[in-house]
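K.L.:
predicted model, plus sequence, below.
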Amino acid sequence: MSERLAQMIRVDHAGEYGAVKIYQGQAAVFNAVKSKTKTATLIRDMAEQEEAHLEIFDDLLRQRKIRPTALAPVWDIAGFTLGAATALMGEKAAMACTAAVEEVIDEHYASQIEELAATDSEPELQATLAQCRADEAAHHRTAIEEGAEQAFGYPILRASIKAGCQLAIKLSEKI
């Protein structure tokens, strides 16, 4: 197996791990205030899909004997903190977080699929990435429909979250 393929699976695992932590942070805030809003329900539903994605990549790491990122403890804290902070800012900010993260992940998965397709390799992995990408795109659409763009400071929030995600991708590929 190529080092590039190991990097792809490692970073995808890290991304799904981070997404689970973001939703855990948001859920912690919404559960603390006993929120039964549509947003809280949507977050629980999206979290379940992210947990399923994480299981897929957990399996791929084990099957292919790929080490996970050494940055998992950092992503644990950073993801939970990002989720909790945006939830504390309100439901629209929580949705803005989802929209920004999923925008980056959609582009990331698309790039990986394109890279694998160019070499006509890993058709099963391509299919897995395509399914995960479809779920992430659906999360993005949901977040936009739920008012992500109406969050206070949305342009700054979006840009900073996207930049953080892009940095996390680069670091997790290597470390």
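P.N.:
Sure thing, it's come through.
K.L.:
ok, the residue lying closest to Ala72 once chain neighbours are set aside to Thr37 distance?
P.N.:
Excluding the flanking residues, the one nearest Ala72 by CB to CB, 6 or more residues apart in numbering is Tyr17, at 6.2 Å. The way it works is simple: take the backbone N, C-alpha and C, and place the C-beta from them, glycine included. As judged by CB to CB, to the nearest Å, Tyr17 and Thr37 stand 26 Å apart.
K.L.:
neighbour count: the two, which is higher?
P.N.:
Set side by side, Tyr17 and Thr37 show more neighbours around Tyr17, with 23 against 11, by other CB atoms under 10 Å.
K.L.:
ok, Phe130 touching Ala110?
P.N.:
No Phe there; residue 130 is Ala. No - between Ala130 and Ala110 there is no contact, the gap being 9.2 Å when judged by CB atoms under 8 Å.
K.L.:
re earlier: state the helix or strand in which the residue nearest to Ala72 lies.
P.N.:
helix 3-32 (DSSP states H and E).
K.L.:
neighbours around the residue nearest to Ala137 when sequence neighbours are not counted, how many?
P.N.:
Nearest-residue entry for Ala137: Asp106, 5.1 Å, with adjacent residues in sequence omitted and distances by CB to CB, 6+ apart. By other CB under 10 Å, 19 other residues sit near Asp106.
K.L.:
isn't Asp106 right up against Ala138?
P.N.:
No - counting by CB under 8 Å, Asp106 does not reach Ala138; the two are 9.9 Å apart.
K.L.:
can you name every helix or strand that the helix or strand hosting Thr41 contacts?
P.N.:
Assessed by DSSP H and E, Thr41 sits inside helix 38-64. With contacts taken as 3 or more CB pairs under 8 Å, 6 or more residues apart in numbering; DSSP states H and E, helix 38-64 sits against helix 3-32, helix 91-118, helix 123-145.
K.L.:
got those helices as TSV, with distance to Phe57 columns?
P.N.:
Shown next, in TSV, are these (distance: least, CB to CB, whole Å):
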stretch	distance to Phe57
helix 3-32	4
helix 91-118	12
helix 123-145	9
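K.L.:
residues contacting the residue nearest the centre of the chain?
P.N.:
For the chain, the residue nearest the mean C-alpha position is Ala19 (3.8 Å; CA atoms, centre = their mean). Going by CB atoms under 8 Å, 6 or more residues apart in numbering, Ala19 touches Glu50, His53, Leu54, Gly79, Val101, Ile105.
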